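Asks: below are the sequence and a predicted model; questions follow.
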Amino acid sequence: MLAACAAALAVTAQGAARAPRDLLVSSQLERIRPIAAGEAEDTDPTDASASHADELIVSVRFANASDRILDAIRITSPIPPDLSYVSDSASGPGADVLYSVDGGRSFGRPEELTMQAPDGSVRGAEPADYTHVRWVLRTSLDAGASGVARFRAVPR
């Protein structure tokens, strides 16, 4: 399952980069597995299966590979369909965090997001409804500067 989730992490970045390689972006999926009392800590690190007790961290690394300052940086990460976003877990130093519930077509703060219920009524969106996370950097990204944005998720 982790391999399928990792494959779904097509992170994108937008901003004032002039060349596609000005802003380098990569993502990593890490599993946090609680260890039960009396259980050995030396589990097989190649075991890529995740159980519903596991929590995952999606880390998005970004770096300005150019020799100039980049402005208006937006970094967007999909939430793999097999995962559910953990409430209030997104972080990114110096960034505002926005979410999408419509496949990344629009973004907003949690209190701004709504979903249509099966009966046609409108309800507030819940973290499990999120499809994407977006970090909007509040300041420019200096030449050579880098950062990491993260969020946690659990298997559905």
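Replies: Sure thing, it's come through. Numbers count the residues shown, from 1 in each chain.
Asks: show me where this protein has its helices.
Replies: Taking DSSP state H to define them, one finds helices in the chain at 2-7.
Asks: who are the contact partners of the residue nearest to Gly103 when sequence neighbours are not counted?
Replies: Distance criterion C-beta to C-beta, 6 or more residues apart in numbering; nearest residue to Gly103, sequence neighbours excluded, is Thr131 at 5.2 Å. Any C-beta I mention is one placed from the backbone N, CA and C, and that applies to glycine too. Taking C-beta atoms under 8 Å, 6 or more residues apart in numbering, we find Thr131 in contact with Pro78, Ile79, Ser100, Val101, Asp102, Gly103, Gly104.
Asks: residue contacts, the nearest residue to Thr114 once chain neighbours are set aside?
Replies: Residue nearest to Thr114 in three dimensions, not counting chain neighbours: Val122, with 5.0 Å by C-beta to C-beta, 6+ apart. Counting by C-beta under 8 Å, 6+ apart, Val122 makes contact with Thr114, Met115, Gln116.
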